[in-house]
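> got a predicted structure here, sequence first:
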Amino acid sequence: MPNDTRFLLRLLAITAAILLLVLTWRELPLIEAEWLAPRASPRPVEPRGDLAADERSTIALFENSRDSVVFITTLERVVNPWTRNALQVTRGTGSGFVWDRLGHIVTNNHVIAGASGATVRLADGRAFNATLVGTSPDHDLAVLRIGVGGGAPAPLPIGSSHDLRVGQKVFAIGNPFGLDWTLTTGIVSALNRELADERGGAIQGLIQTDAAINPGNSGGPLLDSAGRLIGVNTAIYSPSGASAGIGFAVPVDTVNRVVPRLIATGRYVRPTLGIRTEPQINDALAQRFGIEGVFVLDVAPGSAADKAGLRAAEPTPGGGVRIGDVVLAIGDRPVRQVAELGAALDPFEPGQQVRVTILRDGQRLEVNLALDAGP
C-alpha cells in the first residue's frame, strides 16, 4: 500500500477517534443520567377503607335531594332601539325546589321580582317555561308552575322550624354564581333573626346559618340532617356580596303556611285587627308614657277591633294626646312595637279567633276577636 494511502487512513482514523471522544464527552452526562436515573412509575394506591358515617349520610342526603332542586333563569323584555323588536334577555339566576307533583316550584320573591318570564331547569337537564302562581313579598316567597306532567321530581319532605336548636347541622343546595347543584354545610347559628327588605319593611323570624350562601343560592332549600326542608335560603349579610358565614333562610313553618295560600289564591292576605298604627308615633308615645306596646291610633269602623270595643287615642284641647288602648300581646306572644304586631298576627288566618291583651286606663284586659283580612 502506498505511503500516502496509509497516511490518509491513519489521519481518518485519528480524526474519527477525536470526533468519537468529543461526542462521548458531550453526551456523557445525558448517557449517565439515562442509566443512573430512577425508573418513574405510578405509586401504588393505598386502600381507603369505608367512608365515615357522617360522610355517607351527607352523600346520601345530597343524592336523595338533588333532583328536587331546580335552577331558575329569569328573563327581561327589552326593546331594540334600532329595530324596535322586543327581545327576551337573561335578567338573573336563582334556585328553587319542587313543592308538589303538580309542578309547583318554590323560590324567593326577589328572584323573580321585575322579571317578564322565567325558565326552570331540572337536574336531569329538562327546561320548562314557568308561569307565576303567586308571591308574598312580606315573606320573600314566590311560587312558579311548570308543565312537567307526570315526570315531576319528587318533592322534598317537609320538616319543622319551631323546634330548631342552635348548633343543629344544616345543608344548603343551590346554584351559587351559576354553579349548578352545589352543596354547602353548616349549622344553625341563630334563630328569630330580622332582616330589612328592599321595600323598607323587615322579614322576621329568619334562621341564621353559617352554611355558605352566595348569589344564586336564593330560593334553594335549607335541609336538616334527615334531609327534610327546614327553610328557604333568602339572603346573605356581606358587604362584598360573597358569603361571610352569615346567611338567612325563611323558616319552613312560614313556608308551609304561606305557599298553600299562594297556590290557592295567588296572594297572601295578612290578618289584621283593624287598627291604625305608626311606628314613629308609637315610639314617641312609648317613650313619653313609659309603656311598651302598640298604641291604637285609630279604629276602622266595622273592623274586628271596632266590634271588640277597642279605643283609639284622641287629641286633647291643649294640643296633647289622650291615649286609648295599648296592645300588649297577641295570644301568648308579647308585642312591644309595631313590627312585632304584624309578626304576632302572621301565624293566624283571617276570621280566626285570637286573644288580645290590652292596657286600658292602667288596667290589663283581655278581649277575644275574629281577625280581619288585610288589604
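In hand now; what should we look at?
> all helices of the stretch 101-250 of the chain, in order?
109-112 (DSSP state H, counting those that start in this stretch).
> show me the shaky parts of the stretch 151-300 of the chain.
Residue ranges of the stretch 151-300 of the chain with pLDDT under 70: 197-201, 236-245.
> how many residues are close by Gly216?
For Gly216, the neighbour count with other C-beta atoms under 10 Å is 22. Backbone N, C-alpha and C define where each C-beta goes, glycine included.
> I figured it hits Leu179, correct?
Yes: assessed by C-beta atoms under 8 Å, Gly216 is found in contact with Leu179 at 7.4 Å.
> for the stretch 251-375 of the chain, which segments count as strands?
Taking DSSP state E, counting those that start in this stretch to define them, one finds strands in the stretch 251-375 of the chain at 271-272, 275-276, 294-295, 298-299, 314-315, 321-322, 326-330, 333-334, 353-360, 363-370, 372-373.
> who wins for proximity to Ser68 among those?
strand 271-272 (31.3 Å; C-beta to C-beta).
> what comes up buried for stretch 352-365?
Val354, Val356, Thr357, Ile358, Leu359, Arg360 (16 or more other C-beta atoms under 10 Å).
> if you could redo that for stretch 142-152, that was the one I meant.
Within stretch 142-152, the residues scored as buried using 16+ other C-beta under 10 Å are Ala142, Val143, Leu144, Arg145, Ile146, Val148, Ala152.
> can those residues go into TSV with extra columns for distance to Ala373?
Shown next, in TSV, are the buried residues of stretch 142-152 (distance: C-beta to C-beta, whole Å):
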residue	distance to Ala373
Ala142	21
Val143	20
Leu144	25
Arg145	25
Ile146	30
Val148	33
Ala152	32
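> which of those residues sits closest to Phe248?
Ala142 (16.5 Å).
> for Thr265, see how far away the closest one is.
14 Å (C-beta to C-beta, to the nearest Å).
> need the residues touching each of the two.
With contacts taken as C-beta atoms under 8 Å, 6 or more residues apart in numbering, Ala142 and Thr265 have Gly134 as neighbours in common.
> what's near enough to touch the most centrally placed residue in the chain?
In the chain, the centroid-proximal residue (C-alpha atoms, centre = their mean) is Asn233; its distance is 1.7 Å. Going by C-beta under 8 Å, 6+ apart, Asn233 touches 95, 108, 172, 174, 213, 217-222, 247-249.
> may I have the beta-bridge partners of it?
Applying DSSP bridges to Asn233 gives these bridge partners: Ala249.
> gap between it and Arg364?
For Asn233, the distance to Arg364 equals 41 Å [C-beta to C-beta].
> same check on Thr357?
Thr357 is 6 Å from Arg364, where distance means C-beta to C-beta.
> which residues are common contacts for those two?
Leu328.
> still on that earlier bit, of all the strands of the stretch 251-375 of the chain, which one is nearest Ile18?
Minimum separation from Ile18 across these (C-beta to C-beta) falls at strand 333-334, 104.1 Å.
> given that closest one, what are its sheet partners and their directions?
strand 326-330 (antiparallel).
> just give me the neighbour total for His104.
Residues lying near His104 (other C-beta under 10 Å) number 20.
> and what of Ala305?
27.
> for it, list the residues it contacts.
Per C-beta under 8 Å, 6+ apart, neighbours of Ala305: Leu273, Gly274, Ile275, Val296, Val299, Leu369.
> cool, and Ser225?
Ser225 neighbours (C-beta under 8 Å, 6+ apart): Ser57, Leu61, Gln168, Lys169, Phe171.
> ok, of those residues, which one's closest to Pro260?
Nearest to Pro260 among the contacts of Ser225, counting by C-beta to C-beta, is Phe171 at 24.6 Å.
> so that closest one touches Leu222, yeah?
Yes: counting by C-beta under 8 Å, Leu222 is a contact partner of Phe171 at 7.3 Å.
> who touches both of those two?
The contact sets of Phe171 and Leu222 overlap at Ala211 (C-beta under 8 Å, 6+ apart).
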